[in-house]
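**Q** attaching a predicted model along with its sequence, questions to come.
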Amino acid sequence: MYHLFINFAIVLVADSECVAAVGWTSSNLITSASDDGTIATWNADGEVVGKIASLDYKVTCMSWQHRSHSSGGEMAALGASDGECR
(Lines give C-alpha, C1' and ligand atoms only; values in the text may rest on other atoms or scores of the structure.)
Protein backbone atom coordinates (compact mmCIF):
# COMPACT_ATOMS: atom_id res chain seq x y z
CA MET A 1 0.00 0.00 0.00
CA TYR A 2 1.30 3.42 -0.96
CA HIS A 3 0.43 6.75 0.62
CA LEU A 4 1.13 10.09 -0.98
CA PHE A 5 0.93 13.25 1.08
CA ILE A 6 1.34 16.63 -0.54
CA ASN A 7 1.34 19.92 1.30
CA PHE A 8 0.38 22.62 -1.16
CA ALA A 9 -1.23 26.00 -0.65
CA ILE A 10 -2.02 28.76 -3.12
CA VAL A 11 -4.11 31.79 -2.31
CA LEU A 12 -6.27 32.87 -5.26
CA VAL A 13 -7.21 36.51 -4.71
CA ALA A 14 -8.77 37.73 -7.97
CA ASP A 15 -12.19 36.12 -7.56
CA SER A 16 -14.85 38.63 -6.53
CA GLU A 17 -17.13 36.01 -4.95
CA CYS A 18 -16.75 32.76 -3.04
CA VAL A 19 -14.80 30.07 -4.91
CA ALA A 20 -17.11 27.09 -5.25
CA ALA A 21 -14.86 24.67 -7.14
CA VAL A 22 -11.25 24.22 -8.18
CA GLY A 23 -9.53 21.79 -10.53
CA TRP A 24 -6.18 20.97 -12.13
CA THR A 25 -5.71 20.88 -15.89
CA SER A 26 -3.25 18.54 -17.59
CA SER A 27 -1.12 21.58 -18.45
CA ASN A 28 -0.62 22.10 -14.70
CA LEU A 29 -2.91 25.11 -14.40
CA ILE A 30 -5.48 25.61 -11.66
CA THR A 31 -9.06 26.44 -12.59
CA SER A 32 -11.51 28.13 -10.26
CA ALA A 33 -15.27 28.59 -10.49
CA SER A 34 -16.73 31.42 -8.41
CA ASP A 35 -20.25 32.20 -7.26
CA ASP A 36 -20.27 35.18 -9.65
CA GLY A 37 -20.11 32.73 -12.60
CA THR A 38 -16.47 33.35 -13.45
CA ILE A 39 -14.26 30.42 -14.42
CA ALA A 40 -10.59 31.43 -14.46
CA THR A 41 -7.20 29.75 -14.87
CA TRP A 42 -4.21 30.32 -12.62
CA ASN A 43 -0.58 29.30 -12.67
CA ALA A 44 1.14 27.54 -9.75
CA ASP A 45 2.27 30.93 -8.38
CA GLY A 46 -1.35 32.02 -7.89
CA GLU A 47 -1.37 34.48 -10.82
CA VAL A 48 -4.39 34.74 -13.13
CA VAL A 49 -3.54 33.36 -16.57
CA GLY A 50 -6.93 33.86 -18.19
CA LYS A 51 -10.69 33.87 -17.95
CA ILE A 52 -12.39 30.81 -19.46
CA ALA A 53 -16.03 31.83 -19.06
CA SER A 54 -18.48 34.21 -17.47
CA LEU A 55 -21.64 32.21 -16.75
CA ASP A 56 -25.11 33.30 -15.69
CA TYR A 57 -25.35 30.57 -13.04
CA LYS A 58 -23.32 29.44 -10.03
CA VAL A 59 -21.04 26.44 -10.45
CA THR A 60 -21.26 24.04 -7.50
CA CYS A 61 -18.68 21.47 -8.64
CA MET A 62 -16.24 20.96 -11.47
CA SER A 63 -14.17 18.08 -12.88
CA TRP A 64 -11.54 18.17 -15.66
CA GLN A 65 -10.73 15.35 -18.08
CA HIS A 66 -7.81 15.28 -20.50
CA ARG A 67 -8.91 14.07 -23.93
CA SER A 68 -7.02 11.58 -26.06
CA HIS A 69 -4.21 12.77 -28.31
CA SER A 70 -6.37 12.39 -31.42
CA SER A 71 -9.02 14.88 -30.29
CA GLY A 72 -6.74 17.05 -28.15
CA GLY A 73 -7.70 19.61 -25.54
CA GLU A 74 -9.54 19.13 -22.28
CA MET A 75 -13.14 18.82 -21.20
CA ALA A 76 -14.85 19.98 -18.02
CA ALA A 77 -18.05 18.78 -16.39
CA LEU A 78 -19.84 21.39 -14.29
CA GLY A 79 -22.58 21.02 -11.70
CA ALA A 80 -24.75 24.13 -11.40
CA SER A 81 -26.95 25.74 -8.76
CA ASP A 82 -30.02 25.18 -10.97
CA GLY A 83 -29.54 21.39 -10.65
CA GLU A 84 -28.16 20.94 -14.19
CA CYS A 85 -24.93 19.20 -15.17
CA ARG A 86 -23.11 20.83 -18.06
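**A** That came in fine, so what should we check first?

**Q** strands along this protein, start to end?
**A** With DSSP state E applied, the chain shows strands at 19-24, 30-34, 38-42, 48-54, 59-66, 74-80, listed in chain order.

**Q** from residue 75, how far out is the closest residue to residue 53 other than its chain neighbours?
**A** Closest residue to residue 53 apart from its sequence neighbours, by C-beta to C-beta, 6 or more residues apart in numbering: residue 39 at 4.5 Å. Every residue, glycine included, has its C-beta placed from N, CA and C. Distance of residue 39 to residue 75, computed by C-beta to C-beta, to the nearest Å: 13 Å.

**Q** ok, these two, which is more surrounded?
**A** The neighbour count for residue 39 versus residue 75, taken as other C-beta atoms under 10 Å, is higher for residue 39 (20 against 10).

**Q** what's across from the more buried one in the sheet?
**A** residue 33, residue 53 (DSSP bridges).

**Q** contact partners for it?
**A** 31, 32, 33, 51, 52, 53, 54, 55, 59, 62 (C-beta atoms under 8 Å, 6 or more residues apart in numbering).

**Q** who wins on neighbours among these?
**A** Most surrounded of those: other C-beta under 10 Å gives residue 33, at 27 neighbours.

**Q** ok, back up a step: now, which of the contacts of residue 39 sits nearest residue 81?
**A** residue 59 (7.7 Å; C-beta to C-beta).

**Q** is it true that the closest one touches residue 79?
**A** Yes - at 6.9 Å, residue 59 counts as touching residue 79 under the criterion of C-beta atoms under 8 Å.

**Q** give me the nearest residue to the residue nearest the centre of the chain, chain neighbours excluded.
**A** Centroid-nearest residue in the chain: residue 31, 2.8 Å away (criterion: C-alpha atoms, centre = their mean). Among residues not flanking residue 31 along the chain, residue 23 sits closest, at 4.8 Å (C-beta to C-beta, 6+ apart).
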